[in-house]
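**Q** My questions concern the predicted model and sequence given below.
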2 protein chains.
Amino acid sequence: MKNYTILILLLSPFFIFSQTDEEVISDIYSNSLTDGQSYNWLDHLSNNIGSRLSGSLGAEKAVIWTKEELETLGLDKVWLQPVMVPKWVRGIPEFAYIETSPGNTIKVNICALGGSISTPSTGIKAKIIEVSGVEDLEELGKDNIQGKIVFFNRPMNSSLINTFESYGGCVDQRYSGAMEASKYGAAAVIVRSMNLRIDDLPHTGSMSYGDINPEDRIPSAAISTKHADLLSSMVKLDNNIQFFFKQNCKQLKDVLSHNVIGEITGSEFPNEYIVVGGHLDSWDLGDGAHDDGAGCVQSMEVLRLLKNTGIKPKRSIRVVLFMNEENGLRGGNKYAEIAAQKSENHIFALESDSGGFTPRGFYFDCNQSNFDQILSWKNLFKPYLIHFFELGGSGADIGPLKTKTNVLSGLKPDSQRYFDYHHAPNDTFDAVNKRELELGAATMTSLVYLIDKYGIKK
Amino acid sequence: MKNYTILILLLSPFFIFSQTDEEVISDIYSNSLTDGQSYNWLDHLSNNIGSRLSGSLGAEKAVIWTKEELETLGLDKVWLQPVMVPKWVRGIPEFAYIETSPGNTIKVNICALGGSISTPSTGIKAKIIEVSGVEDLEELGKDNIQGKIVFFNRPMNSSLINTFESYGGCVDQRYSGAMEASKYGAAAVIVRSMNLRIDDLPHTGSMSYGDINPEDRIPSAAISTKHADLLSSMVKLDNNIQFFFKQNCKQLKDVLSHNVIGEITGSEFPNEYIVVGGHLDSWDLGDGAHDDGAGCVQSMEVLRLLKNTGIKPKRSIRVVLFMNEENGLRGGNKYAEIAAQKSENHIFALESDSGGFTPRGFYFDCNQSNFDQILSWKNLFKPYLIHFFELGGSGADIGPLKTKTNVLSGLKPDSQRYFDYHHAPNDTFDAVNKRELELGAATMTSLVYLIDKYGIKK
């Protein structure tokens, strides 16, 4: 009996302290919902720091502050990774109106698209030609377009359940509308905001001139959906009405910025890396609370939750707050470049960049065998109403880390409200629900816990 | 060949016009999201009519207006079903403060609970005894409670994923706190609002005196979560602080009101009834947009969508807007009573009364064989991210229709934000997202379509 007793005493710590996956995941959710930091962090990032366009003072404040916060978590390493980023500035706020007859004007809400050139300092006034996409330009030809402002007015398709698909069906007019219209002599481009609601807010976002010569480039701005509908109805009544707008945004020289990185070094396989991240930069009109403050604080929370629930990862877990996703992806590319230089084996990366809404599951970019392994965990997530596990994309910033054998993933939150706020002045802290944000962080942490524990099958 | 041609011609209408279930459901969702009426209806109900407490002018306006709207849909019958309802009125707005020392006061936000008596016209001022639930009263006993205001301060459990479970774990203190505290000589009761957030809004809701004699009844009010925390911290510092409140609500005599009913009469089995409904009454502090304006307009939309997508139901489909769910359930009981009198065979009833948020699925109250039949349709809902099909409750208003063989169901929307608004002044139209509301209506319609087409197995 004595020997048995000693054996039991020796083994008891394992029995006492070893939890089932169900129990660990329950602890993670409970800690996130009752003692989480993500919402407080987002409050500070949104309300005390605010917008974080690459190269701006806000972005630099965010780099310094998130590094400081990560340093309070007791991680093994926290550091900044230098990266040169483009610096585009909006300048004096934009100004626009519709002139239906001389002196008869209606002010409308626009914002320059990111990367656009300015108008002449006296603005541009021209007739409008409305199109529903870049594919309409060729048929209209120079005769109909020359000297006019091309008005891209294709609305997002509201019948699609996944609003990111609706976005994907429209965003080419924003991204390449100016580049294409300039080939037909257009004076400028106005694009309907990527927004499923009809409201007063213009939504910015990136655009590109491709390889168009600098002297041939034309300015490009987004107009609110309500004013897009107004403009369209007026053009239909009278195609001689004039549109005026003025913006003085410009592209400056690249400046130095940083990715912010924190790491818990793995106890068994320190050379296998798991990355969780979001992008620290944002557009400048709101506070970037959903895009992507939410993804940043959720990613920070993953490491805090691992520490606070007593999980000791076998593999090295990194949070990466990427700089410059919105207009350059320099941070994502730099991180992957350095990882390749150091031959770091990134077995898994998870990105949150679809807003801080109720999480529904994940997309996975991986082979079928790894996907099958992940699907075997699906029931662990059922109590948390996490049901969506599908093959698909992951995220822009982690994309450059893809190899033939690793797994990339993107958190999939409920998408219904995302484009109400995306790149718009109302992407602010009050638009984020505390519990929805915290559930996302717990869902990400649970997946990271499982990947760390079981590894990725080769 | 000739005969074959005639056969093909004869059969062709069936091939041309018969759609698969996938196609019908796709049409339903598409119509709801692109051409739906639910959001416009909710706008009118919330902003032009407003709150709809049983017996109020708002409730009567809502009865008249929803009947008129149903009459525009080309249904086979629309009628009002008389029902006597309790009439409780709030009276002059409540007033409350904490007095930490004579003259040193802090105003706090309270609201009378529905069904409570008034305070004396000069108000009540007394010391506070804080408890975390009715189960604490016995141990404290009369010695500690007599003459004091009992402050029920159990917070909702934020670690639960289903916020309705958190509500269920607290609501007894609101419903029966005054009844129980009066047995120990309490002067009055103040209850922490059923709200997962910390904010300034008091949340009302029903309470009951059970069989307590009228002369022994004590007034009962809810306090905002922020002020509940404040009060609690002050009582901990000094249990001699005084709480003052004044309310002059009262219970009047029952008055006549109505359930509003519309019907598409079935083409094959007109005597088999399918009911879809919500409750038209609301609390009085907000506009009742989520509770339960959303459920009403979604239920109306079910019949509109059936008509507009060309579905000709085999069974009789009724929308029922129940009166008086909040403080009496008279409408639900009356509808079931009349149905029983007429021996109407209600094979299925579906209620939406959990807010107009993104739908996740349904609860079903039925036997296993019927549940299996329903589960066989689950894949039809997958494209719409409807994944939750579980046995459980259905809804308060349809509950009285339960038989051994029929199926009752409750729509399950995402519950994370529901108690931010429930019974509070901010339950207003702006808190409802258009697409989330419309997805709920389409989800309900799709289930009704399947139940109607395939029937309920005996």
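**A** Arrived safely. Numbers count the residues shown, from 1 in each chain, chains lettered A, B, ... in the order given.
**Q** make it CA atoms for all contacts and neighbour counts henceforth
**A** Noted.
**Q** can you confirm residue A:458 is in a strand?
**A** No. Counting by DSSP: H, G, I helix; E, B strand; the rest coil, residue A:458 is located in no strand; its state is coil.
**Q** Let me know the secondary structure of residue A:443.
**A** helix.
**Q** That one: what's it in contact with?
**A** Going by CA atoms under 8 Å, 6 or more residues apart in numbering or on different chains, residue A:443 touches A:29, A:359, A:361, A:381, A:386.
**Q** Quick check: the two most widely separated of those residues?
**A** Maximum pairwise distance among the contacts of residue A:443 (CA to CA): 14.5 Å, between A:29 and A:361.
**Q** top of the contacts of residue A:443 by neighbour count?
**A** residue A:359 (27 neighbours; other CA atoms under 10 Å in any protein chain shown).
**Q** Apart from its neighbours in sequence, what residue is nearest it?
**A** residue A:413 (3.9 Å; CA to CA, 6 or more residues apart in numbering or on different chains).
**Q** strands paired with the helix or strand hosting residue A:254, and their directions?
**A** If you go by DSSP states H and E, residue A:254 is part of strand A:250-264. Paired with strand A:250-264 in the same sheet, following DSSP bridges, are strand A:77-89 (antiparallel), strand A:315-322 (antiparallel).
**Q** buried set for the first one?
**A** Meaning strand A:77-89. A:78-81, A:83-89 (16 or more other CA atoms under 10 Å in any protein chain shown).
**Q** next one: stretch A:242-251
**A** A:242-250.
**Q** and if you look at stretch A:21-37?
**A** Result for stretch A:21-37 [16+ other CA under 10 Å]: buried residues A:24-33, A:36-37.
**Q** Kindly present the residues you listed as TSV, with separate columns for distance to chain B.
**A** TSV is the format used below for the buried residues of stretch A:21-37 (distance: CA to the nearest CA, whole Å):
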residue	distance to chain B
A:24	14
A:25	12
A:26	9
A:27	10
A:28	10
A:29	7
A:30	5
A:31	8
A:32	8
A:33	5
A:36	11
A:37	14
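**Q** Can you name the two of these that sit furthest apart?
**A** Across these (CA to CA), the longest gap, 18.7 Å, separates A:24 and A:37.
**Q** State the distance from the residue nearest the centre of chain A to residue A:409.
**A** Nearest to the mean C-alpha position of chain A, counting by CA atoms, centre = their mean, stands residue A:353 at 3.8 Å. As judged by CA to CA, to the nearest Å, residue A:353 and residue A:409 stand 11 Å apart.
**Q** Please enumerate the shared neighbours of the two.
**A** residue A:395.
**Q** Can you name the residue of the stretch 101-250 of chain A nearest to chain B?
**A** Going by CA to the nearest CA, chain B is nearest to residue A:159 of the stretch 101-250 of chain A, at 4.9 Å.
**Q** quick revisit: how much space between the residue nearest to the centre of chain A and residue B:70?
**A** 43 Å.
**Q** element containing the residue nearest to residue A:96 when sequence neighbours are not counted?
**A** Nearest residue to residue A:96, sequence neighbours excluded (CA to CA, 6+ apart): residue A:245, at 4.1 Å. In this structure, residue A:245 is located in strand A:242-246 according to DSSP H and E.
**Q** Measure how far that strand is from the centre of its chain, please.
**A** 31 Å (CA atoms, centre = their mean, to the nearest Å).
**Q** which ones are touching the nearest residue to residue A:263 once chain neighbours are set aside?
**A** Of all residues not flanking residue A:263 in the chain, residue A:318 sits nearest, at 4.4 Å (CA to CA, 6+ apart). Contact partners of residue A:318, counting by CA under 8 Å, 6+ apart, are A:261-264, A:273-276, A:303.
**Q** same thing but at 6 Å, please
**A** A:262-263, A:275 (CA atoms under 6 Å, 6 or more residues apart in numbering or on different chains).
**Q** Next step: the buried residues of stretch A:21-37 restricted to helices.
**A** A:24-33 (DSSP state H).
**Q** Adding pLDDT, write the residues you listed out as JSON lines.
**A** Below are these laid out as JSON lines (pLDDT from 0 to 100):
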{"residue": "A:24", "pLDDT": "98"}
{"residue": "A:25", "pLDDT": "98"}
{"residue": "A:26", "pLDDT": "98"}
{"residue": "A:27", "pLDDT": "98"}
{"residue": "A:28", "pLDDT": "98"}
{"residue": "A:29", "pLDDT": "98"}
{"residue": "A:30", "pLDDT": "98"}
{"residue": "A:31", "pLDDT": "98"}
{"residue": "A:32", "pLDDT": "98"}
{"residue": "A:33", "pLDDT": "98"}
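**Q** Between these, which sits nearest residue A:403?
**A** Ranked by distance to residue A:403 (CA to CA), those are led by residue A:25 at 28.6 Å.
**Q** The closest residue to the closest one other than its chain neighbours and residue A:21: what is the separation?
**A** Distances taken as CA to CA, 6+ apart place residue A:446 nearest to residue A:25, at 5.7 Å, with adjacent residues excluded. Distance from residue A:446 to residue A:21, counting by CA to CA: 9 Å.
**Q** go on, residue A:288?
**A** Here the criterion is CA to CA. By it, residue A:288 lies 34 Å from residue A:21.
**Q** repeat for residue A:251
**A** 50 Å.
**Q** same check, this time on residue A:79
**A** On the measure of CA to CA, residue A:79 and residue A:21 end up 31 Å apart.
**Q** ditto for residue A:235
**A** Distance from residue A:235 to residue A:21, by CA to CA: 61 Å.
**Q** Show me the domain layout of chain A.
**A** A:19-88+A:253-454, A:91-248 (automatic domain parsing).
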